[in-house]
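> Quick one, what's the 3D model for this:
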Amino acid sequence: RKAVNLLVEEGVLYRDANRGTFVSDSAVAGKGQMVLSGRENYQFQVIYFALKYQPDHHVDHRIIRKLKLEMETSILRVVRMVKKGDTVIGIQEGYMSEKYVQNHEFSDVDTLFDIEKLLQVSVLEQNFEAVIVPAQYANLLAVPIQTPIIKSEGLMSHLDGRPFLYLVEYHHPKYSQLSL
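Numbers count the residues shown, from 1 in each chain. As a prediction, the model looks like this:
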């Protein structure tokens, strides 16, 4: 509720009495693509890297369904801080089936998750929602717990429609600017 109220205050959403809450016209101007200003100036710092075996009870079954994985497929999970200078402007979680990762790419996560390069040969479908910052990321983003932020979820697919990367980003409410 706090996140929605903040978005109403900022003009991203508006309320219509007895009808509901809607996205304002100014928020949807453009072609629906996410634009992160100055993305070429971002640095990424890996803070977590693991290869999880799918039958493991710690693997999120939502990710398995999104990536349309078969049983007994391992999932690579990478969590990175997105930084501009010394400021953390976001947290990015990436999930990929191990069958799409070649052995030499394990040593270069930044190349493996180079979104701009991947977009040249794939399609990205994204959803955005206002959420409260996850507790495990509040300190990294230097925001108080219960701070409303924008979370984007993206599914990257090959041009033939096969999904290969599930991406979740938590955007800093002050430093990460999203334009739709």
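
> which SS class is Leu69?
Following DSSP: H, G, I helix; E, B strand; the rest coil, the label given to Leu69 is coil.

> Verify the stated contact: it with Met96.
No. Look at Leu69 against Met96 with CB atoms under 8 Å: they stay out of range, at 10.2 Å. Where you see a C-beta, it was placed from the backbone N, CA and C, and this is true even at glycine.

> So for the two, which sits in the more crowded spot?
Using other CB atoms under 10 Å, the more surrounded residue of Leu69 and Met96 is Met96, with 24 against 19.

> Show me what the more buried one bridges to in the sheet.
Note on Met96: beta-bridge partners by DSSP bridges are Leu76, Leu165.

> got the residue ranges for the helices in the protein?
If DSSP state H is used as the criterion, the helices of the chain fall at 2-9, 61-66, 109-112, 115-119, 135-141.

> is Ile149 in a bridge, and if so with what?
Per DSSP bridges, the residues bridged to Ile149 are Val131.

> Could you report the neighbour count for it?
25.

> quick one, what contacts it?
Listed by CB atoms under 8 Å, 6 or more residues apart in numbering, the contact set of Ile149 reads 3, 130-133, 141, 143, 170-173.

> how about a cut-off of 7 Å?
The neighbours of Ile149, taking CB atoms under 7 Å, 6 or more residues apart in numbering as the test, are 131, 133, 170-171, 173.
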